[in-house]
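Asks: Here is my input, please return the structure:
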Amino acid sequence: MIPRAKVGTYMFTTTNALVLREVRYKEADRILTLLTSTDGKITVKARGALRKGSKTAAATQQLTYSEMTLFGNRGKWTVNEAVVKETFTGLRSDVENLALGCYFAECLEALSVEDQPEPAILQLGLNSLYALSRGLYPPEQIKAAFELRLMCLTGYTPALSACPACGCQEMEQPVLSLTRGSVFCRSCAAGQDQLARLCPASLAALRYIVSAPAKQLFSFRLEGEALQRLCAAAERYLLLQTERQFSTLSYWKNIRI
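Replies: Numbers count the residues shown, from 1 in each chain. Sure thing, here's the model as predicted:
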């Protein structure tokens, strides 16, 4: 939990936080959804952040990673001080990457839990935004790895080691059952619904994403049809398992046309 310093009935706390969402409140305030290093997802108010010359303006923007000192009173938190740690500058100069970064933020907000520390989820978000902003890998590859790894971290890890029907591990025509979260041989997939067709290369990439160390998550090579199959499977799996749509995903797809 966040270390707290008590002053009478009030509390001060300092934490590192990724701003997932910002909403304008009244004339000059922001309501922020933060993913913190110590308390998971929390909601705070940034008073005067929209005023000209505000010292917290830059550090309270969406998709900014900042060190924040928060003031607590009656269960509500207000930003007292904030210093930028990382702005992911590359996102601000590319509308497609910015839209994809906002999709990452919407996914993190939807799947993280209020007031529950989830350092691995925060690390995934930071690593994904950093890789995207620096152009280290193709955006589609970062997106697919982010989606599948996020599902693993939130309890939806797919079973990819072998076909549950026949036990085969090396499949020529693997198929991912999106409802069961299992990979099947093409012949064993009969009767299953919501299927995503894979190939040996895309299945190998899925297996890599599930088990790779956090810092090496995106370090795989895939292109062409194999990359397309991976991207389709990861996206469809997330959407089906979460049973929701993401407006930022739709926007990202629209501006890429």
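
Asks: With adjacent residues omitted, what lies nearest to residue 107?
Replies: Sequence neighbours aside, residue 150 is the residue nearest to residue 107 in space, at 6.0 Å (criterion: C-beta to C-beta, 6 or more residues apart in numbering). C-betas here are computed from N, CA, C, even on glycine.

Asks: contacting residues for the one you found?
Replies: Residue 150 is in contact with 107, 108, 111, 121, 124, 238, counting by C-beta atoms under 8 Å, 6 or more residues apart in numbering.

Asks: cool, residue 104 as well?
Replies: So residue 104 contacts 125, 128, 129, 132, 146 (C-beta under 8 Å, 6+ apart).

Asks: how far away is the last one from residue 214?
Replies: Spatial separation of residue 146 from residue 214 under the definition C-beta to C-beta, to the nearest Å is 12 Å.

Asks: ok, now the second one?
Replies: The spacing between residue 128 and residue 214, counted by C-beta to C-beta, is 11 Å.

Asks: same thing with the third one?
Replies: Here residue 129 is placed at a distance of 14 Å from residue 214 (C-beta to C-beta).

Asks: so where's the stretch 1-150 of the chain shaky on pLDDT?
Replies: Within the stretch 1-150 of the chain, the ranges that satisfy pLDDT under 70 run 1-10.

Asks: in it, which spans are strands?
Replies: Per DSSP state E, counting those that start in this stretch, the stretch 1-150 of the chain carries strands over the ranges 4-7, 10-25, 29-36, 40-46, 65-73, 76-86.

Asks: again, but for the stretch 151-257 of the chain
Replies: Using DSSP E, counting those that start in this stretch, strands in the stretch 151-257 of the chain cover 174-177, 182-185, 195-197.

Asks: re earlier: what's the most distant pair in the contacts of residue 104?
Replies: Spatially, the most separated pair among the contacts of residue 104 is 125 and 132, at 10.7 Å (C-beta to C-beta).

Asks: quick one on the thing from earlier: okay, the contacts of residue 104 in TSV with distance to residue 98 and neighbour count next?
Replies: Putting those into TSV (distance: C-beta to C-beta, whole Å; neighbours: other C-beta atoms under 10 Å) gives the following:
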residue	distance to residue 98	neighbour count
125	15	25
128	14	26
129	10	26
132	9	27
146	15	27
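
Asks: Just the closest of those to residue 58, please.
Replies: Each of the contacts of residue 104 was checked against residue 58 using C-beta to C-beta; the closest is residue 129, at 16.1 Å.

Asks: Name all residues that make contact with that closest one.
Replies: 18, 63, 88, 91, 101, 104.

Asks: Same question for residue 77.
Replies: So residue 77 contacts 13, 42, 43, 44, 45, 70, 71 (C-beta under 8 Å, 6+ apart).

Asks: Report the beta-bridge partners for it.
Replies: With DSSP bridges as the criterion, residue 77 is bridged to residue 44, residue 72.

Asks: now do the one 4 residues further on
Replies: Beta-bridge partners for residue 81, by DSSP bridges, are residue 69.
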